[in-house]
Every structure is written in structure tokens, then in C-alpha cells.
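Novice: Take this sequence and fold it.
(one chain, ligands or ions: 2)
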Amino acid sequence: QEKVTTATIKQMKAEGRPVTMLTAYDYPMARMVDEAGIDMILVGDSLGNVVLGYDSTLPVTMEDMLHHVKAVCRGVSRAMVVADMPFLSYQVSVEEAVRNAGRFLKETGAQAVKLEGGQEVAGAVRAIVNAGIPVVGHLGLTPQSIHQLGGFKVQGREERAARKLLSDARALEEAGAFCIVLECVPAPLAKVVTEKLQAVIIGIGAGPYCDGQVLVTHDLLGLYPKFTPRFVKKYLNLHENIAAALKQYKEEVEERTFPGPEHSFGMSEEVLKKLY
Ligand code: KIV
Ligand code: NA
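Specialist: Numbering: from 1, shown residues only. Ligands and ions are numbered 1, 2, ... in the order given. Next up is the predicted model:
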């Protein structure tokens, strides 16, 4: 089937068709997400939390991201692959931002990059877009600024913060971002942004009125037991299923019921005799 492009995503907003996005960090999960028909696959820097075991996204490096984006691209044929730019790969200078964004397209099969922030990153967004690289913005709860935000909480509830979020979204759109993720903002604010902007608005903890939705796949599968935000719907509890399977394996090896004859190989009696 045809590859999803920025044109596909923009057309979906125009036609009022919801855009689906999920994260993936490796080949098998990317294959499953793509085969499920999800439109966009984000290789998020949530990699740091759910795969690498860090307690924030801050330690994630360009090399970490490139390694995982390459694996994801090998498993995807239809979805658009979006590479998340890690902390400090786009904030220091516009030049570094373009060079790092470019590495994702040059060295992996990604079609777009995502970065966090509004007005303050508009210059970087414009330069990256001018280099021919589609950009997804990210506003609201931006985990790379967690120490400045002072914790994981809903963003944009007060008038000042809500106005700021709307103007940041406009700045990103003007800079050329074709799509913006809104994380952990009041549903009515996300509705206003979705209606006022042409950019495709993808929500996570941003209510039902966005153009599309994204979740961290490990969260919806119940694969990350450490912490589940309220906005996550757990469709499975894979952590418990896997724990039970591992426990059963241990028991069967210890009581010698695994491996059974169906898992074992034999040889002729004649050959065997010669060994004694
Ligand atoms: O890193 C990530 O998974 C993200 C999504 C939560 C949007 O940025
Ligand atoms: Na991210």
C-alpha cells in the first residue's frame, strides 16, 4: 500500500478523518504498529523511560535515537516514521538543529522529525523545514523541560498559559511545522487550537477534539509498570502476562517437565550404542 506522507496527513485533517499515531522503538513493535494500519509511528525519546530505564528523557542521545530509528524503519512499509529530536540536539544553535535533524533523514528511513517548544524553537523549525525536512512540534507538557515545568501536570489551564500555548502553536505553524503534538492540556484548549490552526493537531492527554491521537505503545500494552499517567488507556496488561510466562518456564525447568519430547531431537540406537 501507499506510504503515508505529509500530504496524506494534511488531507486527513481537511476531510475530518482522525489521524492515528503510536510510538515504536524496535523492529518487531514497528512491524506490528504498521501492520495495524497506524498512520504515523513516532520513535519517541520516551525511549529513555520505557526501553533504556532512565527516569527522564534528558539522558537520551542522538546516537541512541539513530540506532532505534533505523531498527523501526526496517519494520515499516506504510506509516510515516517521525524521529524525536533528543534533549540538546536542537536547542544550542540553529546550525546544530539542522545538522541533527538532517542526520535522521540521511542515516535512517525517517520522513520527519519532532521537537519540543514554541516561539523559542521557531527559528530552528524554520531552518529545518527550509532544509526540506518535515517538522512536528510538541507543546503543553514537554518532558525535556520537566525541571522548569516543575513536574508532570496539566499545562495551559490559566488564561495566560492558554494564550501562550495558542500563540506558540501559531509560531510553530508559521515556521512551517505541518503537525503539532499537544500533551496534557485541557480538552477545550486543545479544541480551540485544533479549530484555529491548519497544522494537524495530535493529542496525548488533550481530549477528544484533536485531529488525531498518540500514545506510548508500552503504556497502552501495559508493558511499563513503573508509572501510568491518567490519560493512558491500558488495552492490555502485558507485564503481568509476561511475568506469568517467565515464572512458568522457571517452574517447568526446575521440575524437568520442559523440554518435552516434542522439543527434543533423537538419534539412531545403532549410533548411540557405539558411544558406550
Ligand atoms: O517521546 C514520546 O513518546 C513523545 C510522545 C509522548 C508524544 O513525545
Ligand atoms: Na518525546
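Novice: alpha carbons only for contacts and neighbour counts from here, please
Specialist: Fine.
Novice: for the stretch 151-276 of the chain, what spans make up the helices?
Specialist: All helices of the stretch 151-276 of the chain, identified by DSSP state H, counting those that start in this stretch, fall at 159-175, 187-196, 217-220, 238-254, 269-273.
Novice: all strands of the stretch 101-250 of the chain, in order?
Specialist: Listed from the start of the chain, the stretch 101-250 of the chain has strands (DSSP state E, counting those that start in this stretch) covering 112-114, 135-140, 179-183, 200-204, 212-215.
Novice: Could you save the ones you listed as CSV and add columns showing distance to ligand 2 and mean neighbour count?
Specialist: Conversion of the strands of the stretch 101-250 of the chain to CSV gives the following (distance: least, C-alpha to the ion, whole Å; neighbours: other C-alpha atoms under 10 Å):
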stretch, distance to ligand 2, mean neighbour count
strand 112-114, 8, 25
strand 135-140, 8, 27
strand 179-183, 10, 26
strand 200-204, 11, 27
strand 212-215, 11, 22
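Novice: circling back to that earlier point, most tightly packed of the helices of the stretch 151-276 of the chain?
Specialist: Of all the helices of the stretch 151-276 of the chain, helix 217-220 has the most neighbours on average by mean count of other C-alpha atoms under 10 Å, namely a mean of 22.
Novice: any residues touching that one, and which ones?
Specialist: Leu22, Thr23, Ala24, Val50, Tyr224, Thr228, Val232, Lys233, Lys234, Tyr235, Leu236 (C-alpha atoms under 8 Å, 6 or more residues apart in numbering).
Novice: Considering the residues you listed, which is situated nearest to ligand 1?
Specialist: Checking those against ligand 1 with C-alpha to the nearest ligand atom, the nearest one is Thr23 at 5.9 Å.
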